[in-house]
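K.L.:
Build me a structure from this.
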Amino acid sequence: MDEASRQPLAEDRWRFRNPLTWTAGFLRLSRRRLPAQIRMMGLAILIGIVAGVGAIAFYALSRLIEHYALFEAAGYRPPVHPAGETDLGWLPTAVSDFRPWLLLIVPAIGGLVSGFLVYTFAPEAEGHGTDAVISAYHHKQGLIRPRVPIVKIISSAVTIGTGGSGGREGPIAQIGAGFGSALANVLGLRPTERRVLMAAGMGAGIAAIFRAPLAGALFAAEVLYWSPEFEPEVIIPAGLACVVSYCTFGLFSGWTTLFKIAPLEFDNPWQLGPYALLALWVIFLAALYTRTFYGFTHLFHRWNVRPHFKPAVGAFATGAIGLALYYMFGRNLTVLGVLSFGYGSVQEALTDSRLVGAAVLAAIAFGKILTTSLTIGSGGSGGVFGPSVVIGGCGGGALGLLVSQWWPGLGINPASFVVVGMAGFFAAAAKTPFSTIVIVSEMTGGYLLLLPTLWVCMIAFILSDERSIYEAQVESRSRSPAHQGAFLQERLAGANVGQFFKPTAVVPVLSSRDSLRAIIAKLGDTAYSVLPVADGGGLLLGVVNLEEIYFAAQLDSLSAAILAEDLMRTDITPLSPDDPLDRAQELFVENDLLALPVVSSLQERRLLGMIRRFDISNAYLRRLQGVEIPPLKATG
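P.N.:
The predicted structure follows:
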């Protein structure tokens, strides 16, 4: 086809019959025009905005339901609210008298509504959402159905707003992660990039709802594993998303920390002894929490009842526990922190633990373990970090009161044990010691307690068992299906590409000006899903993947004008004969391709042939069995 005949096609290249098709096609074909770092930065900022707006929507909805279901209908109002959660000015003042018996009915109705929403529209939205995000990262290439965050936000607001015990971080994590996954799908990004954006969205949600931007970024990278390992490529995009989401949410909620504390500091090294005792105490509480939680979860799963009704049963039992504690402690409203969010009880403990009392604080800690296990384990929707704040804070406060009586000369403030207890408990329960240190410091402003917090979190992490509240966590990057090639490195050490690659056969090579029809024809003549693109001198320009061709073929009005240069990926790193096989395996994972080009050198880039990922796996198996690796032809 000459240039004259090609000109009308070039002019029609961006004309689509449907505006939505035009947008999707333009994004897919131009997504690699920008440098990868700039593109990810822009996407992270966009995710941060959406996560912040989602946090506002979820916060307002949950407070709205709480107001009418608990404050107005049941007449229950916590005696204290967290300092960072002011009353919503557009809601009327609740004037109803407290009717304790409704604490049985209102949570059960909320559980019934939540169960209907979840099991009718998105069964994967049951339980705590963070675990679902972790599972999607490792096992589903970062894919989350778009409807899941919507169902999660409504069902969780209903569950927690009506008195069920749960936290806000699970729903908001799925909101941010769901948008990151959806955005990557719209742009046709690789699974590796989709996973990063999904994790960044999760961190952005945490940053907004807990007013903790630094902790959100660290949490997104740390929570994926139960060993002391991070996902390094997540931290920077998550950091950008967290800053933006925090600022977006701050415009609505203000800039105060979630909890208000008196000035607290660490100035006596002898206090490390009682703090070590606190570490052992929170290890016990965390072990009890995880086992109770998953014990009830498995019990409800085995119960032969339609799942739509199970959350109502769990919520009813939650209300019964709260009501029993209320009467057991002489109609004490503080002990009802076992219901809903429960942050008011933590704020009371931080303000004056002695006024609350060690027995009440311990009852809240143990009661919250039960109510959270019943609410979420039965299939109700909500997070598990929020309850952990209450369990660790109240449990730490109870021990702090006892320690201050046992060793008055050490000058221990029980409020310090509340702050440090929150961090140590979650470090033991979720295996996230570093992000937990930061998130508690940002939530309370207790930065002068960093030293004892670090001390307790490290002890709690090291001495706690491997059972985590997040079952979807894996041990390390080498055990994650998202990094399935890393475990080959040791076995492949010492072998390189040149030892088994023999550039003798002809490889189907594309020209940058080849049409879509020509590309499809060449793919039909080969068994490989990735073809190289080279210039007239045989220098590598990029590769075209079958996935790109599939997307392009869907754009009927554009397909006749698409060239190889439109589909070509130029951001890949090719192999050279001197590259070791473990490096080759890393590049397959990094580039997310089933075949890679082999060039004479990275400087010269003269195309020699293609190697498939299968060839590397075959070489690994031969090495494992002690069989010599034979040389392969250039077609791989």
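
K.L.:
switch to C-alpha atoms for all contacts and neighbour counts from now on
P.N.:
OK.

K.L.:
tally of neighbours for the closest residue in space to Y447 that isn't next to it in sequence?
P.N.:
Distances taken as CA to CA, 6 or more residues apart in numbering place S441 nearest to Y447, at 5.4 Å, with adjacent residues excluded. By other CA atoms under 10 Å, 22 other residues sit near S441.

K.L.:
Report the contact partners of S441.
P.N.:
S441 is in contact with Y447, L449, L450, counting by CA atoms under 8 Å, 6 or more residues apart in numbering.

K.L.:
And it, which helix or strand is it part of?
P.N.:
Per DSSP states H and E, S441 falls inside helix 433-444.

K.L.:
and G48, what helix or strand is that in?
P.N.:
helix 36-66.

K.L.:
Please compute how far that helix lies from its chain's middle.
P.N.:
Distance of helix 36-66 from the chain centroid (CA atoms, centre = their mean, to the nearest Å) equals 13 Å.

K.L.:
Quick check: mean pLDDT of it?
P.N.:
The pLDDT scores in helix 36-66 average 89.

K.L.:
So which residues of the chain form strands?
P.N.:
501-502, 530-534, 540-545, 595-599, 607-612, 632-633 (DSSP state E).

K.L.:
Need those in JSON lines (columns: distance to R291 and mean pLDDT).
P.N.:
As requested, those are arranged in JSON lines below (distance: least, CA to CA, whole Å; pLDDT from 0 to 100):
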{"stretch": "strand 501-502", "distance to R291": "52", "mean pLDDT": "63"}
{"stretch": "strand 530-534", "distance to R291": "48", "mean pLDDT": "88"}
{"stretch": "strand 540-545", "distance to R291": "47", "mean pLDDT": "88"}
{"stretch": "strand 595-599", "distance to R291": "45", "mean pLDDT": "88"}
{"stretch": "strand 607-612", "distance to R291": "45", "mean pLDDT": "85"}
{"stretch": "strand 632-633", "distance to R291": "53", "mean pLDDT": "46"}
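
K.L.:
hey, where'd the helices end up in the stretch 151-300 of the chain?
P.N.:
169-187, 191-209, 213-222, 232-253, 272-302 (DSSP state H, counting those that start in this stretch).

K.L.:
among those, which is the most enclosed?
P.N.:
Scoring these by mean neighbour count under mean count of other CA atoms under 10 Å gives helix 191-209 as the most buried, with a mean of 32.

K.L.:
Just the C-alpha atoms of that helix, please, in PDB.
P.N.:
Extracted as PDB, the C-alpha positions of helix 191-209 are listed here (Å, rounded to 0.1, in the frame of the first residue of the first chain):
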ATOM      1  CA  PRO A 191      -0.900  -7.700  35.500                       C
ATOM      2  CA  THR A 192       2.300  -6.500  37.200                       C
ATOM      3  CA  GLU A 193       1.200  -2.900  36.900                       C
ATOM      4  CA  ARG A 194      -2.400  -3.800  37.800                       C
ATOM      5  CA  ARG A 195      -1.200  -5.400  41.000                       C
ATOM      6  CA  VAL A 196       0.800  -2.300  42.000                       C
ATOM      7  CA  LEU A 197      -2.100   0.000  41.300                       C
ATOM      8  CA  MET A 198      -4.500  -2.200  43.300                       C
ATOM      9  CA  ALA A 199      -2.100  -2.300  46.300                       C
ATOM     10  CA  ALA A 200      -1.600   1.500  46.000                       C
ATOM     11  CA  GLY A 201      -5.400   1.900  46.200                       C
ATOM     12  CA  MET A 202      -5.600  -0.300  49.300                       C
ATOM     13  CA  GLY A 203      -2.900   1.800  51.000                       C
ATOM     14  CA  ALA A 204      -4.700   5.100  49.900                       C
ATOM     15  CA  GLY A 205      -7.900   3.900  51.600                       C
ATOM     16  CA  ILE A 206      -6.100   3.100  54.800                       C
ATOM     17  CA  ALA A 207      -4.300   6.500  54.700                       C
ATOM     18  CA  ALA A 208      -7.600   8.400  54.400                       C
ATOM     19  CA  ILE A 209      -9.800   6.700  56.900                       C
END
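
K.L.:
Let me see the mean pLDDT of that helix.
P.N.:
90.

K.L.:
just checking, what packs against it?
P.N.:
When contacts are defined as 3 or more CA pairs under 8 Å, 6 or more residues apart in numbering; DSSP states H and E, helix 191-209 packs onto helix 36-66, helix 129-139, helix 169-187, helix 213-222, helix 232-253.

K.L.:
Turn those into CSV, columns for distance to L350.
P.N.:
Below are the helices and strands packed on helix 191-209 laid out as CSV (distance: least, CA to CA, whole Å):
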stretch, distance to L350
helix 36-66, 23
helix 129-139, 27
helix 169-187, 22
helix 213-222, 21
helix 232-253, 21
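
K.L.:
Those: which one's closest to F385?
P.N.:
F385 sits nearest to helix 169-187 of all those, at 6.6 Å, using CA to CA.

K.L.:
what about the closest one, distance to the chain center?
P.N.:
Per CA atoms, centre = their mean, the centroid offset for helix 169-187 relative to its chain is 9 Å.

K.L.:
Please export the alpha-carbon coordinates of that helix; PDB is fine.
P.N.:
C-alpha atoms of helix 169-187 as PDB (Å, rounded to 0.1, in the frame of the first residue of the first chain):
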ATOM      1  CA  GLU A 169     -10.300  -0.300  56.800                       C
ATOM      2  CA  GLY A 170     -11.600  -3.400  55.000                       C
ATOM      3  CA  PRO A 171     -14.300  -1.700  53.000                       C
ATOM      4  CA  ILE A 172     -12.200   1.400  52.200                       C
ATOM      5  CA  ALA A 173      -9.300  -0.800  51.200                       C
ATOM      6  CA  GLN A 174     -11.500  -2.600  48.700                       C
ATOM      7  CA  ILE A 175     -12.800   0.700  47.400                       C
ATOM      8  CA  GLY A 176      -9.300   2.000  46.600                       C
ATOM      9  CA  ALA A 177      -8.000  -1.400  45.400                       C
ATOM     10  CA  GLY A 178     -11.100  -2.000  43.300                       C
ATOM     11  CA  PHE A 179     -10.600   1.300  41.500                       C
ATOM     12  CA  GLY A 180      -6.900   0.700  40.900                       C
ATOM     13  CA  SER A 181      -7.800  -2.700  39.400                       C
ATOM     14  CA  ALA A 182     -10.500  -1.300  37.200                       C
ATOM     15  CA  LEU A 183      -8.300   1.600  36.000                       C
ATOM     16  CA  ALA A 184      -5.600  -0.800  35.000                       C
ATOM     17  CA  ASN A 185      -8.200  -2.900  33.100                       C
ATOM     18  CA  VAL A 186      -9.500   0.200  31.200                       C
ATOM     19  CA  LEU A 187      -5.900   1.100  30.200                       C
END
